[in-house]
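Visitor: got a predicted structure here, sequence first:
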Amino acid sequence: MGSGRSNRYRKAGRLSTDLLSDALNDRASGWIRQWRVPTLLPQISLRRNDSLRTTIARWRENEKCLELGPRFFRMRRRQDEIVCHELAHAAARRIYGKGVSPHGAEWRALIAAAGYLPSVTFTAAKPNSQVSRRARGTWHEHRCPVCHAVRFALKRMPQWSCPECVEHGLPGLLEIAKVEERH
């Protein structure tokens, strides 16, 4: 994307209305005010990146850019949670500096303050995959009792552990429950 076009995506106090709904822009402005980093939004560019295949969205710190992949635009729900996740990376870096852990306690506190459960990953079925065809069937929920991270699988995966808790020296054992529908 050329430098002339990137200015189109910068608006004072808001993200691009070309890519996000007005309601989501308003919520993003609210999170930024709540996190007390009012000058952050005007400095962030927002762009669509059609080369993102498995990643729904990502924060590019060096470019001060939030990239949204094609899957983000196909989603009907949880777009706000994804944007909040990425903006919290930018806010944590602004507030706490370079040494802040990407999904550390500071980032988790910002996510919680915005009203979401901190989650390192977001699982959404890919279109036309076996997962999406079986989405209404029986699933197994693997939930961390410590940080409440959740993963789903079509079968029990006792070898799985919570990577966030393991990273912090905890066992990372997950509680497994059968569920009829993924939420």
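Guide: On my side now, so go ahead.

Visitor: check which helices and strands the lengthiest helix in the chain sits against.
Guide: The longest helix of the chain (DSSP state H) is helix 79-96. Packed against helix 79-96 by the contact rule (3 or more CB pairs under 8 Å, 6 or more residues apart in numbering; DSSP states H and E) you find helix 22-34, strand 57-60, strand 65-68, helix 105-113. In this view, the C-beta of every residue, glycine as well, is placed from N, C-alpha and C.

Visitor: is it possible to export those to TSV including mean pLDDT and mean neighbour count?
Guide: Listed next are the helices and strands packed on helix 79-96 as TSV, based on pLDDT from 0 to 100; neighbours: other CB atoms under 10 Å:
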stretch	mean pLDDT	mean neighbour count
helix 22-34	87	16
strand 57-60	91	18
strand 65-68	91	22
helix 105-113	90	18
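
Visitor: Val83: which of those is closest?
Guide: Val83 lies closest to helix 22-34 among those, at 5.9 Å (CB to CB).

Visitor: convert the next helix or strand after the closest one to PDB, retaining C-alpha atoms only.
Guide: With elements assigned by DSSP states H and E, the helix or strand that comes after helix 22-34 is strand 45-48. What follows is strand 45-48 as a C-alpha-only set of coordinates in PDB (Å, rounded to 0.1, in the frame of the first residue of the first chain):
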ATOM      1  CA  SER A  45      -3.600   2.700  10.500                       C
ATOM      2  CA  LEU A  46      -6.000   0.000   9.600                       C
ATOM      3  CA  ARG A  47      -5.800  -2.200   6.500                       C
ATOM      4  CA  ARG A  48      -7.200  -5.300   4.900                       C
END
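
Visitor: list the strands paired with strand 45-48, with their directions.
Guide: Here strand 45-48 has these sheet partners by DSSP bridges: strand 65-68 (parallel).

Visitor: what separates the strand it pairs with from the chain centre, distance-wise?
Guide: From the chain centre to the centre of strand 65-68 is a distance of 11 Å (CA atoms, centre = their mean, to the nearest Å).

Visitor: quick one: name whatever helix or strand follows that strand.
Guide: Using DSSP H and E, the helix or strand that follows strand 65-68 in sequence is helix 70-74.
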